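Peer 1: Next come a sequence and a model predicted from it.
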Amino acid sequence: MNPFWSRIARELSPYVPGEQPRIANLVKLNTNESPFGPSPLALEAMRNAATDTLRLYPDPEATELREVLAAHHGVKPEQVFVGNGPDEVLAHAFVALLKQPKPLLFPDVTYSFYPVWAQLFGLACETVRLDDEMRVRVEDYRREAGSIVIANPNAPTGVALPRAEIARLLEDHPDIPVVIDEAYVDFGGESAVPLIADHPNLLVVQTMSKSRALAGLRVGYALGDMGLIGALRRVKDSFNSYPLGRLAQAGAVASVHDEAYFRESCARVVAGREAMTWELIRLGFIVLPSSANFVFARHPARGGAEFAGWLREHAVLVRHFNRPRTAPYLRISVGSEDDARRLIAAVLILGHE
C-alpha cells in the first residue's frame, strides 16, 4: 500500500464495476446494458452538437434537459437535478440528504455501491434483511432511522415494490429523507414520482443508461421537492459545477423527445426478459420475478460460481455476486435474440455433462 495514501483511501472497500472485457464474439450479459442502440434522434443531436462550440463550457444547470425531463415526469424544472450518471447523483444524495445523526437503512441485498458510499462519507448505516423470497418488506423498516434508500426494482434481484408500498413507507417515515433508486423502473416497475407532490422528503433517482441505451453518455437525474433539489445543487457546486458536457445534454434532450423509440425499446426488452425467463425455468432454473432488464436465477443442482465460470468458458459473460445470500444466483442481463440463443445453448451443453 502506497505510503502517500490517506487513511480514507487505505480503509475503503471500493465498488467493483461489471467487467468490460475486449473479447471478440462475446455474449456480454453482465452489466445490464441495452441490447439496442440509442434513439436515432439522440445520435443525430450529438453529431450536430460536435462543433466549434465544444471550446465553451456547457450550461452548468443543464436548463433545457431539466425542462424536458420536468415535462416528461409532470413536475417543475426546479424539481429536477441532473448529474454525471445516476451514481454521481446518488453520491451527492448520500452527502446532502442521507447523512444524518441516526443510521441510514437499506436492504441487505441491494445495489452494492450503497455501503461503499456510506463508508466513504462516514454514514452510520444498518441493513434490513430481505425476506426469504428476496423481497423488501416495508414493515421491517418501522424502526428508528435517520434516512432510507431503496432500489426499486431492487438490484440485483429485479424484484419490485408496488407504488402503494412506497407510499406506506413514506407514511411511516414522514420526517426523514427517503431516496428511491429507480434505475430499472421503465421495464415494469411503478415509479414513485407521483408521490413527490405529497411527500417533501421523497427523492426519486433515475437514469438514461438502461432504458434509453445511453450508458456511455453518463446521464442521471433526481426528482423531488425543491428543498431536496437545493441540497443536491449545493453539493454539486462544491464538487463539480459542470457535470454534463454539451454532447451529453444534447443527446439526452433528444432521447426524451423520442418517446416512441423509448417505448418500443422498453417493450422489446420486456419481451426478451419474459422469453429468457421461460427458457431458464424450462431448463430447471429458479428465477425471481423481475421488473428489470435482467433476471436473477439459480439452478438447484449447480452453484452460481460454477455456472458463471462455465458460461465464461463458452464466451457468455454474466454477473455473479459471491456473498452468502446471493452466491447461488446469476444475474443475467436481457440481450438480443441471438444473445439469448447462445446463452441457452451454453446452458444446454452444461446440462448434458
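Peer 2: Looks like it came in fine. Numbering: from 1, shown residues only.

Peer 1: show me where the protein has strands.
Peer 2: Using DSSP state E, the strands of the chain run over residues 27-28, 80-83, 104-107, 125-128, 147-151, 178-181, 202-207, 220-224, 286-287, 294-298, 316-317, 329-333.

Peer 1: Adding distance to Val138 and mean pLDDT, write the ones you listed out as JSON lines.
Peer 2: For every residue, glycine as well, the C-beta is placed using N, CA and C. Below are these laid out as JSON lines (distance: least, CB to CB, whole Å; pLDDT from 0 to 100):
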{"stretch": "strand 27-28", "distance to Val138": "35", "mean pLDDT": "92"}
{"stretch": "strand 80-83", "distance to Val138": "26", "mean pLDDT": "98"}
{"stretch": "strand 104-107", "distance to Val138": "11", "mean pLDDT": "98"}
{"stretch": "strand 125-128", "distance to Val138": "10", "mean pLDDT": "98"}
{"stretch": "strand 147-151", "distance to Val138": "9", "mean pLDDT": "98"}
{"stretch": "strand 178-181", "distance to Val138": "11", "mean pLDDT": "98"}
{"stretch": "strand 202-207", "distance to Val138": "14", "mean pLDDT": "98"}
{"stretch": "strand 220-224", "distance to Val138": "20", "mean pLDDT": "98"}
{"stretch": "strand 286-287", "distance to Val138": "24", "mean pLDDT": "96"}
{"stretch": "strand 294-298", "distance to Val138": "21", "mean pLDDT": "97"}
{"stretch": "strand 316-317", "distance to Val138": "35", "mean pLDDT": "94"}
{"stretch": "strand 329-333", "distance to Val138": "23", "mean pLDDT": "97"}
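
Peer 1: need the ones you listed in TSV with distance to Ala250, can you?
Peer 2: Compiled in TSV, those are given as follows (distance: least, CB to CB, whole Å):
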stretch	distance to Ala250
strand 27-28	27
strand 80-83	13
strand 104-107	35
strand 125-128	38
strand 147-151	29
strand 178-181	26
strand 202-207	18
strand 220-224	15
strand 286-287	39
strand 294-298	29
strand 316-317	32
strand 329-333	27
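
Peer 1: Trp117: how many residues sit nearby?
Peer 2: The local packing count at Trp117 equals 23, with neighbours defined by other CB atoms under 10 Å.

Peer 1: In this structure it contacts Leu123, no?
Peer 2: Yes - using CB atoms under 8 Å, Trp117 is in contact with Leu123, at 7.4 Å.

Peer 1: The closest residue to Ile286 other than its chain neighbours and Glu264, how far apart?
Peer 2: Nearest non-adjacent residue to Ile286, counting by CB to CB, 6 or more residues apart in numbering: Arg298, 5.3 Å away. In this view, Arg298 and Glu264 are 32 Å apart by CB to CB, to the nearest Å.
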